[in-house]
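Trainee: Starting from these lines, generate the structure:
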Amino acid sequence: MNILQKICIGYFVALMIAASLNYIPGLTDENGLAFGIFALDIFDDSLHVVSALWALASAFISSRAARTFLILFGTAYLGDGIFGFFTGWGYLDLGIFTNESLGMDVSLPRVLANLPHLALGGFALWAGLRLGRG
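Mentor: Okay, here's the model as predicted:
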């Protein structure tokens, strides 16, 4: 198993943790916000689980499948984080299509809400493009 496949296993774990946040007592507040910052619904959880299973399958299929996952997932997740930062909504959960833009906001909650998508998406894209060469 090469480094890209190991990274995919890491993404499987991270995405399954993200999918479980609503179901761990004490992690959501009275408004249903995880860590008091962002809301996750069953659609978000489903996207996380499907992405996690895609990462796991890619890890075990081949190095090429792992690289493809990292590039495609990284691009989609990074883009979702960028949209979230500038509009308050992402596109993976169709939020930008169903909600009015909240506009640009550099508040701590907005940054923290989008940081996982920016960091995980950016790293996945970087790993797929940089570590996957050759």
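Trainee: pLDDT below threshold where in the chain?
Mentor: Counting by pLDDT under 70, the chain contains low-confidence ranges at 27, 32-40, 134.
Trainee: List the buried residues for the helix ranked longest in it?
Mentor: Secondary structure of the chain per DSSP state H: the longest helix is helix 63-87. Across helix 63-87, burial judged by 16 or more other C-beta atoms under 10 Å covers 63, 65-71, 73-74, 76-87. All C-beta spots, glycine's among them, are computed from the backbone N, C-alpha and C.
Trainee: Report the contact partners of Ala14.
Mentor: Leu120 (C-beta atoms under 8 Å, 6 or more residues apart in numbering).
Trainee: Kindly recompute the last result at 10 Å.
Mentor: Residues near Ala14 by C-beta atoms under 10 Å, 6 or more residues apart in numbering: His48, Ser51, Ala52, Ala55, Pro116, Leu120.
Trainee: Tell me the one of the residues you listed nearest Ser101?
Mentor: Taking C-beta to C-beta as the measure, Ser101 lies nearest Pro116 of the contacts of Ala14, at 20.7 Å.
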